[in-house]
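Chemist: Kindly return the folded structure for what I paste below:
(chains A, B, C and D)
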Number of protein chains: 2
Amino acid sequence: MGGNEAGGMSGELTGIADGEAAGTGTLGKAMAVLEAVVMADGPQRFTDILATSGQPRGTLHRLLSHLVEEGLLVQRRDLSYEPGLRMLTLASRSWSGNRFRDVAEPHLRGLHELTGETVHLGILREAEIVYVDKVESRQTVRMSSQIGKASPVYCTGIGKAALSLLPQPELERLVAGMAFHAFTPHTHRSAETLLAEIADIRRDGHAFDREEHEIEIRCVAAPIRVSGSDLTAGISVTGPAYRVSMEQLTAWSGAVRAAAAAIGEEAAIRLGPGRGGP
Amino acid sequence: MGGNEAGGMSGELTGIADGEAAGTGTLGKAMAVLEAVVMADGPQRFTDILATSGQPRGTLHRLLSHLVEEGLLVQRRDLSYEPGLRMLTLASRSWSGNRFRDVAEPHLRGLHELTGETVHLGILREAEIVYVDKVESRQTVRMSSQIGKASPVYCTGIGKAALSLLPQPELERLVAGMAFHAFTPHTHRSAETLLAEIADIRRDGHAFDREEHEIEIRCVAAPIRVSGSDLTAGISVTGPAYRVSMEQLTAWSGAVRAAAAAIGEEAAIRLGPGRGGP
DNA sequence: CTTCTTTGTTCCGATATTTGGAACTCGATT
DNA sequence: AATCGAGTTCCAAATATCGGAACAAAGAAG
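Modeler: Purely as a prediction, here's the structure:
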């Protein structure tokens, strides 16, 4: 197959060249379509998806039918498509069965009690940070807006912290593929400045987000390394600029690093050897 | 192709009997494997999955590779498989983008404040109820254990309530396929008793769970019908038997019915015509 | 140390599935 | 009536999947 694009006859079709093009065949296309629907804002009509996915009509139609039959999508009366319930069922298991989150949770709570601010746990996946848990002020948290969300690495505290753990070649590979969207005036805009900051982070053991992702929002983060696992993660304490000064964040950095270290060690033990307990 | 079973020579091995045999081709198999891993308790080794999924070795291996490549599964150092982060990403969008849940939420809160007990929102999918939201006492709820979980219809308040809205033929189709597992001494054990109770529920407009799913747990539920949609759902107020008597539940039934009606109407308006708002 | 298992990975011809352009249906619009 | 747009169905050609069997690698037993 070609890439993701519809494409026609494939002239040279060298393929491989870039990233790891090739592919997951049918599954890949199905997932692309699924994602197109899930990530969209409202219900998507056939034509909408036709445009976003770039699949030919016939193919797309069959893919959608299959997805509906599997319960991953639901077709409404007006023929538009929405995410189906099966996604929830699968996800809830994936989340509650996540032992890493489980190990980290008490530490997140501890940090929250110390600081009174929101605490996040994120895992590195390619050039993104996926938030896996969150402990925040009073309000019932629910499957918080954040959980499951993926943010770019270069503009988040956890992201930069996690990057600091990567071996240089891996780091460079990721940075090379980055697009540096300027979310705020403080967002990194080039590989150079980012790499420079990462050097600092390696030295200090913690990273800051100086309103780089969202204006008026700051955080301190520390990386988590789990020995014996390929997992790279991080935690952060986040707060509004008017309430948490950079000095305040610096004061908390020790606690954040300590919590990160504790999670890393505990996880190495509990995730390493055997299965899960009771 | 055969059915889902791998089997060897398959004597009769009709398996599924019929239902809607045929299938979703490759996607179906991939999802079956994915589900096998996600629903399992710990990380699953290749051989474990080989057993549960019944796919031939070669096929299974390719399926797993593709699932990993898509980020739906992750392969650990010891070669075992775990749910991947992409599931979370997809699910969180599916959940937070669910407008029905959004409409219902204030009403759930209202019921919670009135009763002080746990309130659930569930949607009917085939012969199961999938919990989509939950409001409970103080404790931080998080993506509660329940959310996304699917329970059989015949032993839950919401399930029976939802069934009561179905047209008779549809109802009978579902009941015909039920397995009636006896979770407690009070669980329905036959189609007759279930159908009889559903007749009552149609009359009363609400259903009870008299410790039928879990011992010492009771609830009152009311069905939600959204006109103009195929959605069938329900809400319930649940509590421990020592604290909530059947009389208490009966006293609350009016409020539950009212909330259900309100949700149904509001949803019909907000889900019906246009897209989502801001 | 050798032999036997057990577990995971790779191969490859046969074949069922997917592919995608084009024709078709149905309803709304002009 | 004729045109347009959205969704669905068809079918020969292309290709990804299928799955048995051979192959490696790591343990366990002898």
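
Chemist: Let's verify the closest residue to DNA strand C within the stretch 101-250 of chain A: helix, strand, or coil?
Modeler: Nearest residue of the stretch 101-250 of chain A to DNA strand C: residue A:230, at 14.2 Å (Cβ to the nearest atom of the strand). For every residue, glycine as well, the C-beta is placed using N, CA and C. Recorded secondary structure, residue A:230: coil (DSSP: H, G, I helix; E, B strand; the rest coil).

Chemist: where does the closest residue to residue A:114 other than its chain neighbours fall, phi/psi-wise?
Modeler: Excluding the flanking residues, the one nearest residue A:114 by Cβ to Cβ, 6 or more residues apart in numbering or on different chains is residue A:255, at 5.7 Å. Phi and psi for residue A:255, reported as degrees, to the nearest 10, are phi -60, psi -40.

Chemist: C-alpha coordinates for the one helix or strand residue A:94 maps to, PDB please?
Modeler: Here residue A:94 sits within helix A:85-96, counting by DSSP states H and E. These are the backbone C-alpha positions of helix A:85-96, laid out as PDB (Å, rounded to 0.1, in the frame of the first residue of the first chain):
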ATOM      1  CA  LEU A  85     -20.000   2.700  23.600                       C
ATOM      2  CA  ARG A  86     -17.600  -0.100  23.000                       C
ATOM      3  CA  MET A  87     -14.800   2.500  23.100                       C
ATOM      4  CA  LEU A  88     -15.800   3.400  26.700                       C
ATOM      5  CA  THR A  89     -15.900  -0.200  27.700                       C
ATOM      6  CA  LEU A  90     -12.500  -0.900  26.400                       C
ATOM      7  CA  ALA A  91     -11.000   2.300  27.700                       C
ATOM      8  CA  SER A  92     -12.300   2.000  31.200                       C
ATOM      9  CA  ARG A  93     -10.600  -1.300  31.600                       C
ATOM     10  CA  SER A  94      -7.400   0.000  30.100                       C
ATOM     11  CA  TRP A  95      -7.400   2.800  32.600                       C
ATOM     12  CA  SER A  96      -8.500   1.100  35.800                       C
END
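
Chemist: how much distance is there from that helix to the middle of the chain?
Modeler: Remark: helix A:85-96 is offset 17 Å from the chain centroid, using Cα atoms, centre = their mean, to the nearest Å.

Chemist: and that helix, does that touch chain B?
Modeler: Yes. For helix A:85-96 and chain B, the contact criterion (Cβ under 8 Å from any Cβ of the partner chain) is met by A:85-96.

Chemist: Quick one: list the elements packing against that helix.
Modeler: Judged by 3 or more Cβ pairs under 8 Å, 6 or more residues apart in numbering or on different chains; DSSP states H and E, helix A:85-96 is in contact with helix B:25-39, strand B:81-83, helix B:85-96, strand B:118-125, strand B:128-135.

Chemist: Export these as a markdown table, with columns for distance to DNA strand C.
Modeler: Converted to a markdown table, those look like this (distance: least, Cβ to the nearest atom of the strand, whole Å):
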| stretch | distance to DNA strand C |
| --- | --- |
| helix B:25-39 | 2 |
| strand B:81-83 | 9 |
| helix B:85-96 | 20 |
| strand B:118-125 | 23 |
| strand B:128-135 | 26 |
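
Chemist: what number of residues lie near whichever residue of the stretch 101-250 of chain A sits closest to DNA strand D?
Modeler: Residue nearest to DNA strand D within the stretch 101-250 of chain A (Cβ to the nearest atom of the strand): residue A:228, separated by 14.0 Å. By the criterion of other Cβ atoms under 10 Å in any protein chain shown, residue A:228 has 14 neighbours.

Chemist: ditto for the one 3 residues further on
Modeler: For residue A:231, the neighbour count with other Cβ under 10 Å is 20.

Chemist: Check the one 5 residues further on too.
Modeler: A count of neighbours around residue A:236, defined by other Cβ under 10 Å, yields 31.

Chemist: Let me know the pLDDT of it.
Modeler: Predicted confidence (pLDDT) for residue A:236: 97.

Chemist: Kindly report the same for residue A:241.
Modeler: For residue A:241, the model assigns a pLDDT of 92.

Chemist: That one and residue A:200, how far apart?
Modeler: In this view, residue A:241 and residue A:200 are 21 Å apart by Cβ to Cβ, to the nearest Å.

Chemist: Over to residue A:108?
Modeler: 25 Å.

Chemist: Who has more neighbours out of those two?
Modeler: The residue with more neighbours, out of residue A:108 and residue A:200, is residue A:108; 23 against 13, by other Cβ under 10 Å.

Chemist: any idea which element the residue of chain A found nearest DNA strand C lies in?
Modeler: Proximity of chain A to DNA strand C (Cβ to the nearest atom of the strand) peaks at residue A:58, 2.4 Å away. Here residue A:58, judged by DSSP H and E, is contained in helix A:57-69.

Chemist: Show residues contacting that helix.
Modeler: Residues from elsewhere that reach helix A:57-69 (Cβ atoms under 8 Å, 6 or more residues apart in numbering or on different chains): A:29-30, A:33-34, A:46, A:49-50, A:53, A:55, A:73-75, A:81, A:84, B:20, B:23-25, B:27-28.

Chemist: For the closest residue to residue A:201 other than its chain neighbours, grab phi and psi.
Modeler: The spatially closest residue to residue A:201, leaving aside those adjacent along the chain, is residue A:164, at 4.1 Å (Cβ to Cβ, 6+ apart). Backbone torsions of residue A:164, given as degrees, to the nearest 10, read phi -60, psi -20.
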